[in-house]
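In: Can you look at this prediction? I've put the sequence above it.
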Amino acid sequence: MNSIMKRYLLLMTLAACTPVPEPETPEDLASCKADEFPFLIGQTTDDLEETKILQPVRIIRPGAIVTQDYLPQRMNIHVNNAGTVTRLSCG
């Protein structure tokens, strides 16, 4: 593998690790309907299987690498190491 390819792969890896912007207002939470699911906070990921969410969703675990793309209609479900939902965001 040549040095240009190595540099390109390093840049791509670093870009993928950039934090995803988090919405801060209730209006932002409405874009992905996260404001309709406050009851998910405190539930486990097993409980999520029983909840019908009809939009794109991604579960973000501690230390997980997530894509940098921002999709306002996608709900991010943040969970802790125990698998308990701690926060909802859009993106």
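Out: That came in fine, so what should we check first?

In: okay, which residue is most central for this structure?
Out: For the chain, the residue sitting closest to the mean C-alpha position, by CA atoms, centre = their mean, is Asn76 at 3.7 Å.

In: wait, isn't that one in contact with Tyr70?
Out: No. Using CB atoms under 8 Å, Asn76 is not in contact with Tyr70; the gap is 10.4 Å. All C-beta atoms are positioned from the backbone trio N, CA, C, and that covers glycine.

In: Show me where this protein has its helices.
Out: Along the chain, the segments classed as helices by DSSP state H run 3-16, 26-30, 45-48.

In: show me what contacts Asp28?
Out: Residues near Asp28 by CB atoms under 8 Å, 6 or more residues apart in numbering: Pro72, Cys90.

In: Ends of stretch 64-77, what's the gap?
Out: Distance between the boundary residues of stretch 64-77 (CA to CA, to the nearest Å) amounts to 12 Å.

In: I'd like to know how far the closest residue to Ile59 other than its chain neighbours sits from Ile41.
Out: Closest residue in space to Ile59, ignoring its immediate chain neighbours: Ile77 at 4.9 Å, by CB to CB, 6 or more residues apart in numbering. Between Ile77 and Ile41 the distance, using CB to CB, to the nearest Å, works out to 10 Å.

In: Likewise for Thr67?
Out: For Thr67, the distance to Ile41 under the criterion CB to CB works out to 24 Å.

In: what's the answer for Tyr70, then?
Out: Tyr70 sits 22 Å away from Ile41 when distances are taken as CB to CB.

In: How about Ile59?
Out: Separation of Ile59 from Ile41 (CB to CB): 14 Å.

In: Over to Glu49?
Out: Summarising the geometry, the distance separating Glu49 from Ile41, computed by CB to CB, is 17 Å.

In: Verify the stated contact: Phe37 with Gln55.
Out: No. Under the criterion of CB under 8 Å, Phe37 lies out of contact with Gln55, with a separation of 10.3 Å.

In: neighbour count winner among these two?
Out: Between Phe37 and Gln55, counting by other CB atoms under 10 Å, Phe37 is the more crowded of the two (19 against 12).
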